[in-house]
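Undergrad: I would like to see how this sequence folds:
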Amino acid sequence: MPKVIMTFPEGKHKVLTMSYDDGRAADRRLVKVFNQYGIKGSFHVNSGLLGYEDRIPEEEVAQLYEGHEISTHTVTHPTIARSPKEQIIEEIINDRKSLEKVAGYTVRGLSYPNGSYNQLVKEMLPYLGIEYARTVHSTGHFSIPDDFIEWNPTCHHNRNLMKLAEDFVQLHKKQYLYMMYVWGHSYEFENDQNWDLIEDFCEFIGNRNDIWYATNIEIVDYIKAFQNLKFSAASDFVYNPSAISVWLSVDNTIVEVKAGKQIDLINKKL
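TA: Numbers count the residues shown, from 1 in each chain. This is a model prediction of the structure:
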């Protein structure tokens, strides 16, 4: 039986993802920085507040966040752990409906507004079409979550960002998968006058050939695609019913299992 383990695309073992809330005007500068260094982010937007005060107007959303992910943050940003379930449903479903009209694709992610959630909220989310939800509980670690509905990030950008980035870049043990997940609000860079922090971080960590740069939902989709692979009992061949490729390390050789294909893992042939 071959030794088979999952890798990230192209055999990589590290992934970086960014997560920013509220859809404020400073997102324009942040997106520009991300794009410059090949970094991807998920932007969690309140559809009911679009265009209000300094928030991105609806007509700009799709173009601004192109190449990144538009995600839900509820319509009006309530503390949902204190809300009736009827309001929770309305806040999330209506946010999805509005954002999907703008984005042109299915919106399936959430960041908890005010960091608020409880067990009831977690249990409701899959029925509302939500496949991941980010908390504000930073771990300081680079682990892959077991529960995407309670997805704890590595750090807020104001907490040891460059030290963590340096540690992340140095990780080399390919028997593990590592994820660095940074969250925050773009307006904080304006308030704190520290745009240099995120610019230096992106310049340092971006455009590296051993890191996969992905949105939150791309990570979820990839891991689900791996979990949905159909291996033979002897692990000598595998079928990929998903719409995206999955990469495997097979006896230390990187193998791409293309969408809709079955491959022989012994001879590495289609």
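
Undergrad: how about the lengthiest helix in the chain as CSV, C-alpha atoms only?
TA: Under DSSP state H, the helix in the chain containing the largest number of residues is helix 85-103. The C-alpha coordinates for helix 85-103 follow below in CSV (Å, rounded to 0.1, in the frame of the first residue of the first chain):
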residue,chain,number,x,y,z
LYS,A,85,-33.2,32.9,15.8
GLU,A,86,-35.7,34.5,13.4
GLN,A,87,-33.5,37.6,13.2
ILE,A,88,-30.3,35.5,12.8
ILE,A,89,-31.9,33.8,9.8
GLU,A,90,-32.9,37.0,8.2
GLU,A,91,-29.6,38.8,8.8
ILE,A,92,-27.6,36.0,7.2
ILE,A,93,-29.9,34.9,4.4
ASN,A,94,-30.6,38.5,3.3
ASP,A,95,-26.9,39.3,3.4
ARG,A,96,-26.2,36.4,1.2
LYS,A,97,-29.0,37.3,-1.3
SER,A,98,-27.8,40.9,-1.6
LEU,A,99,-24.1,40.0,-1.9
GLU,A,100,-24.7,37.2,-4.4
LYS,A,101,-26.5,39.7,-6.7
VAL,A,102,-23.4,41.9,-6.6
ALA,A,103,-20.7,39.1,-6.6
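
Undergrad: pLDDT wise, what is Leu270 at?
TA: pLDDT for Leu270: 47.

Undergrad: quick revisit: which strands or helices does the longest helix of the chain pack on?
TA: Under the contact criterion of 3 or more CB pairs under 8 Å, 6 or more residues apart in numbering; DSSP states H and E, helix 85-103 touches helix 58-64, strand 69-72, helix 119-124. C-beta: built from backbone N, CA, C; applies to glycine.

Undergrad: Would you map the helices across this structure?
TA: 27-36, 58-64, 85-103, 119-124, 161-170, 187-192, 195-205, 216-227.

Undergrad: Give the buried residues for the fifth one.
TA: Spelled out, that is helix 161-170. Buried residues in helix 161-170, counting neighbours by 16 or more other CB atoms under 10 Å, are found at Leu161, Leu164, Ala165, Phe168, Val169.

Undergrad: now those as TSV including distance to Glu10 and pLDDT?
TA: Putting the buried residues of helix 161-170 into TSV (distance: CB to CB, whole Å; pLDDT from 0 to 100) gives the following:
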residue	distance to Glu10	pLDDT
Leu161	26	98
Leu164	24	98
Ala165	21	98
Phe168	18	98
Val169	18	98
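
Undergrad: and the longest helix of the chain, what's its mean pLDDT?
TA: Rounded mean pLDDT across helix 85-103 is 98.

Undergrad: same check, this time on stretch 127-140
TA: 98.

Undergrad: Residues in contact with it: which ones?
TA: Contact with stretch 127-140 is made by 19, 44, 72, 89, 92-93, 96, 106, 108-112, 115, 117, 122, 125, 148-156, 159-160, 164, 183, 216-217, 220, as judged by CB atoms under 8 Å, 6 or more residues apart in numbering.

Undergrad: and which of the buried residues of helix 161-170 is nearest Val246?
TA: Distance to Val246, by CB to CB, is smallest for Phe168 among the buried residues of helix 161-170, at 23.2 Å.
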